[in-house]
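# Next come a sequence and a model predicted from it.
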Amino acid sequence: MSGEANIRIAILDLYEGVPNEGMRNIRQLIEELEVDFHMSVKYDVFDVRLKSEIPGLDYDAYISSGGPGSPLDSAGSYWEHKYFGLMDAIREHNSMAPYQKKHILLICHSFQVFCRYYGYGLVSKRKSTSFGVMPIHKTAEGHHDPLLRSLGDPFWAVDSRDYQITKPEDEKIKVGGGSILCVEKLRPHVDLERAVMAIRFDEAIIGTQFHPEADAVGMRMYLLREDKKELVIDKYGEKKYWEMLDHLNDPDKIMLTNETVVPRFLMTALRHRLSPVVS
């Protein structure tokens, strides 16, 4: 190796002050990148919903987190006005500088508000909360996407949501250079459309309904909470609850998703910055 790169990553915190594991997970994955490549990686956290903090365009990559509450109720809010001002600016930058694109990863709540704002699909409240370690099924495009292609089909990820994306605008997504990458598990006994679980909007912007940043440690803490335990058992049964806990020890389930999706996003987003330091 030679030289040193100053990598700058912006973390857009949409948790609105609610305690969570997601922010810890995101920080940890960025710090692991710094260790793996022996380089200087700086990240800044922006409190989007409480303080309307928004970064400028002087970052190499952007990760926008999950968060609580309705992705519908914030339409027209001040923080959304600023947030989507940034999104518009990044998209404009990417169209003007196609070889120096700034990449965005949108997780859960961020994915939902993004789809609603730009009209990529119908955002609606689910009939019941989805929470736990769930199988995620790839589309044909998902099998070839660089962030997902090494994962199985289905692969396993943490799902935690009261809202969903259905009725995707396939043509609009396709015209923008994107594709639907995966959908939720098949429920043959439920006469409902399968929700979209990830969309690549274009080469630089991808959103996931699931939590790719989640790790076994954090998820175990959540599942052992009495309220979460009751939620899973009430909906899926006690057997399924203990299976979820067992899945946390499986290196082919959320451990693999955690080690794959966000790190590959960062590698792809920063590939032009990483190349000078890799011999």
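On my side now, so go ahead.
# Return the set of buried residues in the helix or strand where residue 93 lies.
According to DSSP states H and E, residue 93 maps onto helix 78-96. Buried residues in helix 78-96, counted by 16 or more other CB atoms under 10 Å: 79, 80, 83, 86, 87, 90, 91, 94. (C-beta placed from N, C-alpha, C; glycine too.)
# For that helix, C-alpha coordinates in PDB please.
Only the C-alpha atoms of helix 78-96 are listed here, as PDB (Å, rounded to 0.1, in the frame of the first residue of the first chain):
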ATOM      1  CA  TYR A  78     -39.200  21.100   6.900                       C
ATOM      2  CA  TRP A  79     -36.800  18.200   7.500                       C
ATOM      3  CA  GLU A  80     -38.100  16.400   4.400                       C
ATOM      4  CA  HIS A  81     -37.800  19.600   2.400                       C
ATOM      5  CA  LYS A  82     -34.100  19.800   3.300                       C
ATOM      6  CA  TYR A  83     -33.600  16.100   3.000                       C
ATOM      7  CA  PHE A  84     -34.900  15.800  -0.600                       C
ATOM      8  CA  GLY A  85     -33.100  19.000  -1.500                       C
ATOM      9  CA  LEU A  86     -30.000  17.000  -0.800                       C
ATOM     10  CA  MET A  87     -31.300  14.000  -2.700                       C
ATOM     11  CA  ASP A  88     -32.100  16.200  -5.700                       C
ATOM     12  CA  ALA A  89     -28.600  17.800  -5.500                       C
ATOM     13  CA  ILE A  90     -26.900  14.400  -5.500                       C
ATOM     14  CA  ARG A  91     -29.000  13.100  -8.400                       C
ATOM     15  CA  GLU A  92     -28.100  16.300 -10.400                       C
ATOM     16  CA  HIS A  93     -24.500  15.900  -9.500                       C
ATOM     17  CA  ASN A  94     -24.500  12.300 -10.700                       C
ATOM     18  CA  SER A  95     -26.100  13.300 -14.000                       C
ATOM     19  CA  MET A  96     -23.400  15.900 -14.500                       C
END
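# tell me the mean pLDDT over it?
Throughout helix 78-96, pLDDT has a mean value of 98.
# residues touching the residue most central in space within the chain, list them.
With distances taken as CA atoms, centre = their mean, the chain has residue 107 as the residue nearest its mean C-alpha position (2.7 Å). With contact set as CB atoms under 8 Å, 6 or more residues apart in numbering, residue 107 has these partners: 22, 63, 64, 65, 66, 207, 208, 211, 212, 213.
# Once you drop chain neighbours, what's closest to the last one?
Using CB to CB, 6 or more residues apart in numbering and skipping residues adjacent in sequence, the residue nearest residue 213 is residue 25, 3.9 Å away.
# same thing with the second one?
The shortest distance from residue 63 to any residue that is not its chain neighbour, by CB to CB, 6+ apart, is 4.8 Å, and that residue is residue 105.
# and the helix or strand harbouring that neighbour, which strands flank it?
With elements taken from DSSP H and E, the one containing residue 105 is strand 103-107. For strand 103-107, sheet partners with direction are given as strand 61-64 (parallel), strand 205-208 (parallel), following DSSP bridges.
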